[in-house]
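Trainee: Can you look at this prediction? I've put the sequence above it.
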Amino acid sequence: MQLNPLTAISPVDGRYFETVKPLAPYFSEFGLMRYRVQVEIEYLISLSGSISELDDFPVHMLSDIRKIYKNFTELHAIDIKEIEKSTNHDVKAVEYFIKKQFEILKLQDFREFIHFGLTSQDVNNTAVPLLIKDFLEREYIPVLTMVQNRLYALAKEWQDIPMLAFTHGQPASPTRLGKEILVFAVRLEKQIAQLKTVPHAAKFGGATGNFNAHAVAYPGVDWNKFADEFCHHLGLVRSYPTTQIEHYDNMAALFDNLKRINTILVDFCRDTWQYISMEYFKQKIKEGEVGSSAMPHKVNPIDFENAEGNLGFANAIFEYLSAKLPISRLQRDLTDSTVLRNVGVPLAHTYLAFQSILKGLGKVQLNQAAIDRDLNENWAVVAEAIQTVLRREGYPNPYEALKALTRKNEKVTQESLAQFIDSLEIKPAVKTVLKQITPFNYTGI
């Protein structure tokens, strides 16, 4: 069998690839190779301004040199894979690929300064945070913002819709539908703001983090200053001091932040699912779609279920990544390497969930009749309002009086509530106020 969307083991590379393919330039093997090439090229360019042997580095060719990664293609990636068959080392294969490109550009005099003094993790632990940063800024945050903006729009559209609230699954003091949607939009906004404050950290310091090789070759260069400026040039911050690898503490914080965002959306999907089940929302029907293979009447909330499942799966992986990556034996073990290759997996499932939520929200229609029906069937929920006003008026034991009324086996109706109010020994004006309270207007501020 050949690998294609039908034979792929992972659904993000198979069934869902059309939805998540914007992630491929970042998290695929091709994407990682391209970012490694970028780091190597930018490092050499930065190095050319720091050591005398590169004084004659052709700055007029920087545009052509940068095209090595800017115009990186799948054919170039295949070339690297062929080289790796001999080296059995992925980063060394990237180094040899760039050297070949320098020969094509007739820059072979500078080829030995490619990957000069570096260890693989200087490249990997700079390339990976860079590709994550680019993905979040270019793909993730824009789509998440679309979800957030849609929630804000619905919150505004439904801001004046009274709705029965449920606490512990039981009817409770009424709320407004728009406010309940706004809760999720604001929660997302706060987490997005936090997300933007998490630094994208790179490790750059040689075989064990001390610039041993650099310092022995060029003792006059301030290599820590060089590395700080180089990482800053890429839009990253440099971790210092480190072992051979990045300590991943900031990346763990990032994954925990992403997990919180997903948790908020799981909460939203479950509430929306429940509102659909309660018929507060209806779903637009698309011609030709089937809800159930056996029950023709079914219109299932599959988009919110799909989103919930993918968000949960993503969070399980985020949890593992944030717990595992900061742990490494002594100066380095290899466990982070294979794990780090999977950072795109939870992000793909998350991105897929965002798209499902947007699709689901595009189908949702307000069913005012069902919302009004439940409000009209639950006049007991205004008991809180009545007993609170009675407390203000100094009426004896108002809570207990309302408790006795509402816990009878008889249904509380507008009429029975009015009879109760009439039986109270309070001012007529207060009785008038109490009778004006309904499940439709007792919605707070």
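Mentor: Thanks, I have it.
Trainee: Let me know the helix or strand that residue 86 is in.
Mentor: Per DSSP states H and E: residue 86 is located in helix 74-87.
Trainee: Report the distance from that helix to the chain centre.
Mentor: 33 Å (CA atoms, centre = their mean, to the nearest Å).
Trainee: I'd like to know which elements the longest helix belonging to the chain is packed against.
Mentor: If each helix of the chain is counted by residues according to DSSP state H, the longest one is helix 249-277. Using 3 or more CB pairs under 8 Å, 6 or more residues apart in numbering; DSSP states H and E, the elements in contact with helix 249-277 are helix 120-135, helix 141-157, helix 177-195, strand 201-202, strand 281-283, helix 302-324, helix 344-363. All C-beta spots, glycine's among them, are computed from the backbone N, C-alpha and C.
Trainee: So for the fifth one, what gets flagged as buried?
Mentor: Translated: strand 281-283. 281, 283 (16 or more other CB atoms under 10 Å).
Trainee: now swap in stretch 337-353 and tell me
Mentor: 340, 343-353.
Trainee: Kindly report the same for stretch 255-272.
Mentor: 255-262, 264-266, 268-269, 271-272.
Trainee: Check stretch 313-328 too.
Mentor: Going by 16+ other CB under 10 Å, stretch 313-328 has these buried residues: 313-315, 317-318, 321-322, 325-326, 328.
Trainee: Would you tell me which one of these comes nearest to residue 246?
Mentor: Nearest to residue 246 out of the buried residues of stretch 313-328 is residue 325 (CB to CB; 8.6 Å).
Trainee: so what's that closest one up against?
Mentor: Residues in contact with residue 325 (CB atoms under 8 Å, 6 or more residues apart in numbering) are 248, 251-252, 336, 339-340.
Trainee: ok, of the residues you listed, which one's closest to residue 395?
Mentor: For the contacts of residue 325, the nearest to residue 395 is residue 252 (56.8 Å; CB to CB).
Trainee: separation between the closest one and residue 313?
Mentor: 19 Å (CB to CB, to the nearest Å).
Trainee: in the stretch 1-150 of the chain, which spans are helices?
Mentor: Along the stretch 1-150 of the chain, counting by DSSP state H, counting those that start in this stretch, helices occupy 17-20, 24-27, 29-47, 62-70, 74-87, 90-104, 120-135, 141-157.
Trainee: Check the burial of residue 311 by counting its neighbours.
Mentor: Applying other CB atoms under 10 Å, we find 27 other residues in the vicinity of residue 311.
Trainee: Closest to residue 371 out of the buried residues of stretch 313-328?
Mentor: Nearest to residue 371 among the buried residues of stretch 313-328 is residue 315, at 31.6 Å by CB to CB.
Trainee: how about that closest one, what does it touch?
Mentor: 259, 262-263, 266, 346.
Trainee: By mean pLDDT, point me to the weakest helix or strand of the protein.
Mentor: None of the helices or strands of the chain scores lower by mean pLDDT, DSSP states H and E than helix 398-406, at a mean of 88.
Trainee: distance of residue 346 from residue 414?
Mentor: Counting by CB to CB - residue 346 and residue 414 are separated by 51 Å.
Trainee: Kindly apply the preceding question to residue 276 instead.
Mentor: 29 Å.
Trainee: In terms of neighbours, single out the busier of the two.
Mentor: residue 276 (20 against 13).
Trainee: So that one sits against residue 283, correct?
Mentor: Yes. With contacts counted by CB atoms under 8 Å, residue 276 reaches residue 283, the gap being 6.7 Å.
Trainee: Name the residues contacting each of these two.
Mentor: Counting by CB under 8 Å, 6+ apart, the contacts common to residue 276 and residue 283 are 301, 364.
Trainee: what's the spacing between the most centrally placed residue in the chain and residue 353?
Mentor: For the chain, the residue nearest the mean C-alpha position is residue 258 (4.4 Å; CA atoms, centre = their mean). Distance, residue 258 to residue 353, using CB to CB: 11 Å.
Trainee: can you check residue 381 too?
Mentor: 34 Å.
Trainee: And for residue 378?
Mentor: 34 Å.
Trainee: swap in residue 188?
Mentor: Separation of residue 188 from residue 353 (CB to CB) stands at 13 Å.
Trainee: Please enumerate the shared neighbours of those two.
Mentor: Common contacts of residue 188 and residue 353, defined by CB under 8 Å, 6+ apart, comprise residue 265.
Trainee: Quick one: residues contacting residue 127.
Mentor: So residue 127 contacts 32, 35-36, 38-39 (CB under 8 Å, 6+ apart).
Trainee: try residue 336
Mentor: By CB under 8 Å, 6+ apart, the neighbours of residue 336 are 245, 248, 324-325, 328.
Trainee: of all these, which two lie farthest apart?
Mentor: By the measure CB to CB, 245 and 324 form the most distant pair in the contacts of residue 336, at 12.8 Å.
Trainee: For residue 3, which of the helices and strands packed on helix 249-277 is the nearest?
Mentor: Closest to residue 3 of the helices and strands packed on helix 249-277 is helix 344-363 (CB to CB; 16.5 Å).
Trainee: So which residues make contact with the next helix or strand after that closest one?
Mentor: Note on helix 344-363: by DSSP H and E, the next helix or strand toward the C-terminus is strand 364-366. Residues outside strand 364-366 that contact it (CB under 8 Å, 6+ apart): 158, 161, 177, 272, 276, 280-284.
Trainee: pLDDT check: weakest of these?
Mentor: Least confident entry in those, by pLDDT: residue 284, with 85.
Trainee: Which residues are in contact with the nearest residue to that residue once chain neighbours are set aside?
Mentor: Nearest in space to residue 284, with sequence neighbours left out and distances taken as CB to CB, 6 or more residues apart in numbering, is residue 363 at 4.5 Å. Residues in contact with residue 363 (CB under 8 Å, 6+ apart) are 283-284, 286, 303.
Trainee: I figured residue 229 was touching residue 46, is that so?
Mentor: Yes. Taking contacts as CB under 8 Å, residue 229 lies within contact range of residue 46: 7.4 Å.
Trainee: Residue 173 in helix, strand or coil?
Mentor: Classification of residue 173 by DSSP: H, G, I helix; E, B strand; the rest coil places it in strand.
Trainee: any idea how far residue 377 is from it?
Mentor: Residue 173 sits at a distance of 15 Å from residue 377 (criterion: CB to CB).
Trainee: Tell me who's in contact with the closest residue to residue 120 other than its chain neighbours.
Mentor: On the basis of CB to CB, 6+ apart, the spatially nearest residue to residue 120 that is not a chain neighbour turns out to be residue 91, at 4.0 Å. For residue 91, the contact set (CB under 8 Å, 6+ apart) comprises 36, 115, 120, 123-124.
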